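K.L.:
sequence first, predicted model second:
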Amino acid sequence: MAGNQASAGHLLRLIRSGEATTRGELQQATGLSRSTVGHRLDQLFGAGWLRGATGTSTGGRPSSRLEFDPTHAVVLVADLETRHGRAAVADLSGKVLAERTGTLVIADGPDVVLDRLARWFGPLLEEAGAAPDRVCGIGLSVPGPVDWESAQVVQPPIMPGWDRFPVRERMRAALAEHFGPDAFGPAVFGAEAAGTDSLPVYVDNDANLMALAEQRENYADCGAFVLVKASTGIGAGMVVGGEMYRGIDGGSGDIGHIRLHDRLDALCMCGSYGCLAAVASGRAIAEQLTAAGVPTASGSDVRRHLAAGQPDALRLARAAGQRVGEVLVTVVTLLNPGVLMLGGDLASTPFLTGVRELLYQRAMPRTTANLQVVTTSLGDRAALAGAAVMVVERLYDPDRADARLAALAAGAAG
């Protein structure tokens, strides 16, 4: 291993992944000398990113094991739904230190929503016992397609006013207004790189982040993982080969807008007719229930009707699952995943039964022979957990870790 492949950031990756957790294992994995490994580790310990732990003894002295220290910084994360939001402060292992859920209407627009979110983070940091200068990044989950590199929402059907809005820049401005321009970063980035203007802000689609969290938490060995979120809309997130698959511009997984040619009478929020979401989403079921004399305002209301065993809700949820199952036959045939997970308001209902019925009826047995069809284990907190994973994996990947170590060293020298 040579060049950057032997940097401190790459040693950190080996430690975080569990591939090499002692000095001897790092030497063996990298081919570096004892002194070079020691120097790299000094950089990581100096930044506060590592801590020691006692390894298991095999008869002699216990080995000195190395661990990533998840307490040296915190992340701010938020899951924005159509009518409410969930915000939290988490450590770098994803452990939630403080959390708040409240009304946050996405249709009010980005200025209102992001400003309110910034105001939520102040009390949450106090509750978590974390100063703003320990914040190393922010992760936002949104219910629409996202261009990953620009952190902009692109043509979202249920997010009026958000299309191509500069979410990253507006989030930073809102935080600067409520905390001051220099509040964030000195403890984790070094004085030279600190400040709200340089605070990392990452944004992704909610189904993507739910998939990321669930795959990392429960199915880390699954090479092809698909999560379908069925709530107000319908979307999918995919983790393939251990990496989030977003497509070329963040449009992957938008299965709610696949057209059903026998339902071209159904008008979708996107303006087209016949979309899967117009027929089988929580919003669509709510409209169908209301028309049947059961007043229902949202996907959350549908979930409440289902929990109460309301007969029309049970019938419509199963039928909606069958329509989604029709589309998922193509998805699982194309990707051949090991796990297909359902999440969102409709997941643990007759909707799941409907999906399974059509999937196993229409797909080739070879396609489903090794397929697990399951429901979310992280529940309502999946997107929030995924937002934390997104920030930490991004900031501590080898190249970015090395850049941050260099900035910290420059600040210390200055």
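P.N.:
Alright, I've got the coordinates. Numbering: from 1, shown residues only.
K.L.:
give the rounded mean pLDDT of stretch 116-133.
P.N.:
Across stretch 116-133, the average pLDDT comes to 96.
K.L.:
residues in contact with it?
P.N.:
74, 76, 78, 80, 85, 87-89, 97-100, 102, 104, 135, 171, 174-175, 177-179, 183-188, 194 (CB atoms under 8 Å, 6 or more residues apart in numbering). In this view, the C-beta of every residue, glycine as well, is placed from N, C-alpha and C.
K.L.:
using PyMOL, define a selection of the buried residues within these.
P.N.:
Applying 16 or more other CB atoms under 10 Å to these, the buried members can be selected in PyMOL as follows:
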select buried, resi 74+76+78+80+85+87+88+89+97+98+99+100+104+135+171+174+175+178+179+183+184+185+186+187+188+194
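K.L.:
how does the chain divide up, domain by domain?
P.N.:
Domain segmentation of the chain under automatic domain parsing yields 3-68, 74-199+383-413, 218-377.
K.L.:
least reliable of those domains by average pLDDT, please.
P.N.:
domain 3-68 - the lowest mean pLDDT of the domains of the chain, at a mean of 84.
K.L.:
and the strands in the chain?
P.N.:
Under the criterion DSSP state E, the chain contains strands at 50-54, 64-68, 74-80, 84-91, 96-103, 135-142, 146-147, 152-153, 201-205, 224-230, 234-240, 243-245, 339-343, 372-375.
K.L.:
excluding chain neighbours, what is closest to P110?
P.N.:
Nearest residue to P110 in three dimensions, chain neighbours excluded: F165, at 4.7 Å (CB to CB, 6 or more residues apart in numbering).
K.L.:
the stretch 1-150 of the chain: helices as residue ranges?
P.N.:
Applying DSSP state H, counting those that start in this stretch to the stretch 1-150 of the chain gives helices spanning 8-17, 23-30, 34-46, 110-128.
K.L.:
deepest in the core, which of those helices is it.
P.N.:
helix 8-17 (a mean of 21; mean count of other CB atoms under 10 Å).
K.L.:
quick one: distance of it to the chain centre.
P.N.:
From the chain centre to the centre of helix 8-17 is a distance of 22 Å (CA atoms, centre = their mean, to the nearest Å).
K.L.:
hang on, the earlier thing: with distance to L212 added, can I get the domains of the chain in JSON lines?
P.N.:
Putting the domains of the chain into JSON lines (distance: least, CB to CB, whole Å) gives the following:
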{"stretch": "domain 3-68", "distance to L212": "16"}
{"stretch": "domain 74-199+383-413", "distance to L212": "4"}
{"stretch": "domain 218-377", "distance to L212": "6"}
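K.L.:
tell me which of those sits nearest to A207.
P.N.:
Proximity to A207 (CB to CB) singles out domain 218-377 among these, at 4.0 Å.
K.L.:
list the residues that contact the residue nearest to Q28 when sequence neighbours are not counted.
P.N.:
Nearest non-adjacent residue to Q28, counting by CB to CB, 6+ apart: A20, 7.3 Å away. When contacts are counted by CB under 8 Å, 6+ apart, A20 is found next to 11, 14, 26, 28-30.
K.L.:
could those residues go into CSV alongside distance to A383?
P.N.:
Shown next, in CSV, are the contacts of A20 (distance: CB to CB, whole Å):
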residue, distance to A383
L11, 31
L14, 29
L26, 35
Q28, 39
A29, 34
T30, 36
